[in-house]
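Student: make a model of this:
(one chain, ligands or ions: 1)
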Amino acid sequence: MTKPVTATIRAYQMGFGDCFLLSFAYDDDSARHILIDFGSTGMPGDTQVSLDDVAADIARECGGALDIVVATHRHKDHISGFATKANGRGSGDVIRGLHPKRVIQPWTEAPEAPEGWEGPAGSTPAHAFARQRASLDDMHAVAQAVVDRLDREGGFNSRWPLADRLRFVGEDNIKNVSAVKNLMTMAGSPEKNIYVYHGCDLDLSAILPNVKVHVLGPPTLKQSETIKTYAKNSADYWLKARQLTGLAATKDVGASKTSMLFPDLKRRDSFRQSKLPTEMRWVAERVDIAEQDQMLGIVTALDNVMNNSSVILLFEAGNKKLLFPGDAQLENWNYALQSALAPLLDDVDLYKVGHHGSLNATPKSMWNRFQKRGKASKPGRLKTVMSTMAGKHGGKNGAPTEVPRIPLVNELKANSTLFNTQDLQPAELCQIITIDLR
Ligand SMILES: [Zn+2]
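Tutor: All right, here's what the predicted structure looks like:
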């Protein structure tokens, strides 16, 4: 049987977002192409690259036919490029026209659970599955409400110092209906959509000969309840001890209370609209700020939960291993790290940096497993690829939550060969990484 000899990764300019074309060249001169995510929450101001340019490049590179599409999770910055247009000329229409043979998504995206369904591998009770689906939909509704409110009260940006952050996180969590529908139908028939979970048997050998694809995440609810929550701090985060304590002291909105996801999202418009006596105005201002904090806490909590539904795929081809974890954060990783699949991580050759380099998506205990980490002179040194845009997410008011997180970036540069989309010139489409599989 034909063997893969080279892997090429095109890491496209997405601003804040992900889009990777993973291509395997085979010894019989054939090739296979896998598109992993295609989305953006906004390009850098000076870029000359559009989603349409990227779609056109993908179509050209794969010679008009994609083998597999992976949508790691349903955040805008991972799927907005799959949106179609009424005139049939959207970037999602181009991808659809490449007729992917399979579309891989997390189990949380599977269409309605059939009556009495036990969930993936009989491990998740149907009611838990339905509840999970419902909470994902609630999240979209809340995100939409937050963004609507920002739109409605467009004039208050200067009075609302957190408005930009609210809008960014809110918009990322709005349901991308067109993209979601396209992903569900672009493979042509429902059995070509594969909804995966940790440890499931993903047999792609007919499409991807001699490449083994391991699914490390997300865990099902039965496997791990913790994907519904997120930890405020952990020794696995890229923080110093002092910063850990600081974060612990902040209010832990939303964590581990998923049964009452948004009990506190109350409107206090009356405070702002009422004609308060001058001496009382400072109170209204503080109420505004408290409310923004609360809203930001809620949308951030749902953002974390959604990230933790990310598919984590490890491609084993020839003598190399390539790891693509979407935006999986610690709670998703924890299950894989304690599982029988964890030793697969020891000799990873290429790591797609989780969640654009955030502090909690490259757990230190995972990073430390990578034996190919090392100085520039190390033979077979680990390669890392990061799609990110600084200044978009986190890190406001001196909080150690900037994306990408600087201590992590420093470590990536020191102990791996880092390819960063942020280093692309305004007219450059992508970083290209080539890996010899022999
Ligand atoms: Zn993302």
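
Student: could you pull out the helices for the chain?
Tutor: Here the chain has its helices, by DSSP state H, at 51-61, 76-79, 91-96, 126-152, 163-172, 177-185, 241-249, 269-273, 281-307, 330-337, 364-367, 406-415.

Student: lowest-confidence stretch among these?
Tutor: Comparing mean pLDDT across those, the lowest value falls on helix 269-273: a mean of 39.

Student: what is the neighbour count of whichever residue of the stretch 201-350 of the chain sits closest to the ion?
Tutor: For the stretch 201-350 of the chain, the residue closest to the ion is residue 327, as judged by Cβ to the ion, at 4.3 Å. Heads up, the C-betas are built off the backbone N, CA and C, glycines and all. Residue crowding around residue 327 was assessed by other Cβ atoms under 10 Å; the count is 24.

Student: ditto for residue 87
Tutor: Neighbour count for residue 87, taken as other Cβ under 10 Å: 7.

Student: and for the one 3 residues further on?
Tutor: Counted with other Cβ under 10 Å, residues neighbouring residue 90 total 21.

Student: list the residues that contact the residue of the stretch 201-350 of the chain closest to the ion.
Tutor: Residue 327 makes contact with 18, 72-73, 75, 78, 307, 310, 354-356, 358, 361, according to Cβ atoms under 8 Å, 6 or more residues apart in numbering.

Student: reformat those residues as JSON lines; add neighbour count.
Tutor: JSON lines is the format used below for these (neighbours: other Cβ atoms under 10 Å):
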{"residue": "18", "neighbour count": "28"}
{"residue": "72", "neighbour count": "28"}
{"residue": "73", "neighbour count": "24"}
{"residue": "75", "neighbour count": "27"}
{"residue": "78", "neighbour count": "31"}
{"residue": "307", "neighbour count": "27"}
{"residue": "310", "neighbour count": "30"}
{"residue": "354", "neighbour count": "27"}
{"residue": "355", "neighbour count": "26"}
{"residue": "356", "neighbour count": "25"}
{"residue": "358", "neighbour count": "25"}
{"residue": "361", "neighbour count": "28"}
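
Student: out of those, which touch the ion?
Tutor: Under the cut-off given by Cβ under 5 Å from the ion, the ion has nothing from the contacts of residue 327 close to it.

Student: give me the subset of the residues you listed lying in strands.
Tutor: Secondary-structure check on the contacts of residue 327 using DSSP state E: no residue lies within strands.

Student: quick one: least confident of the residues you listed?
Tutor: For those, the least confidently modelled position is residue 307, at 84, judged by pLDDT.

Student: surely that residue touches residue 361?
Tutor: Yes: the pair residue 307 / residue 361 is scored as a contact, 7.3 Å apart, by Cβ atoms under 8 Å.

Student: overlap in contacts of the two?
Tutor: In the contact map built from Cβ under 8 Å, 6+ apart, the residues linked to both residue 307 and residue 361 are 327-329, 355.

Student: make a markdown table out of those residues and add distance to residue 57.
Tutor: Written out in a markdown table, the entries for the shared contacts of residue 307 and residue 361 read as follows (distance: Cβ to Cβ, whole Å):
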| residue | distance to residue 57 |
| --- | --- |
| 327 | 23 |
| 328 | 27 |
| 329 | 30 |
| 355 | 24 |
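
Student: and of these, the nearest to residue 2?
Tutor: The closest of the shared contacts of residue 307 and residue 361 to residue 2 turns out to be residue 328 (Cβ to Cβ; 31.7 Å).

Student: read off the pLDDT value for that closest one.
Tutor: Reading off the per-residue confidence, residue 328 sits at a pLDDT of 94.

Student: same thing with residue 280?
Tutor: The per-residue pLDDT reported for residue 280 equals 48.

Student: and the closest residue to residue 235 other than its chain neighbours, what does it touch?
Tutor: Take residue 235 and drop its neighbours on the chain: the residue closest to it by Cβ to Cβ, 6 or more residues apart in numbering is residue 364, 6.9 Å away. Residue 364 sits next to 235-238 when contact means Cβ under 8 Å, 6+ apart.

Student: quick check: residue 364 vs residue 408, distance?
Tutor: Note on residue 364: its distance to residue 408, by Cβ to Cβ, to the nearest Å, is 9 Å.

Student: common neighbours of those two, please.
Tutor: For the pair residue 364 and residue 408, residues contacting each of them under the criterion Cβ under 8 Å, 6+ apart are residue 238.

Student: how is this structure divided into domains?
Tutor: When the chain is parsed with automatic domain parsing, its domains come out as 4-115+175-230+311-436, 133-170+235-304.

Student: now, of the ones you listed, which is deepest in the fold?
Tutor: domain 4-115+175-230+311-436 (a mean of 20; mean count of other Cβ atoms under 10 Å).

Student: who's the closest residue to residue 215 other than its chain neighbours bridged to?
Tutor: Using Cβ to Cβ, 6+ apart and skipping residues adjacent in sequence, the residue nearest residue 215 is residue 196, 4.7 Å away. In this entry, residue 196 is beta-bridged to residue 106, by DSSP bridges.

Student: my guess is residue 196 contacts residue 311. True?
Tutor: Yes: with contact defined as Cβ under 8 Å, residue 196 and residue 311 form a contacting pair (5.8 Å).

Student: give me the residue from the stretch 51-200 of the chain nearest the ion.
Tutor: Checked against the ion (Cβ to the ion), the nearest residue in the stretch 51-200 of the chain is residue 77, 4.2 Å away.

Student: need the contact list for residue 363.
Tutor: For residue 363, the residues meeting the contact criterion (Cβ under 8 Å, 6+ apart) are 234, 236-237, 330, 333-334, 337.

Student: turn the residues you listed into a markdown table, columns for distance to residue 343.
Tutor: Rendered in a markdown table, the data for the contacts of residue 363 read as follows (distance: Cβ to Cβ, whole Å):
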| residue | distance to residue 343 |
| --- | --- |
| 234 | 22 |
| 236 | 18 |
| 237 | 23 |
| 330 | 19 |
| 333 | 15 |
| 334 | 16 |
| 337 | 11 |
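
Student: since that was my last question, I'll sign off now.
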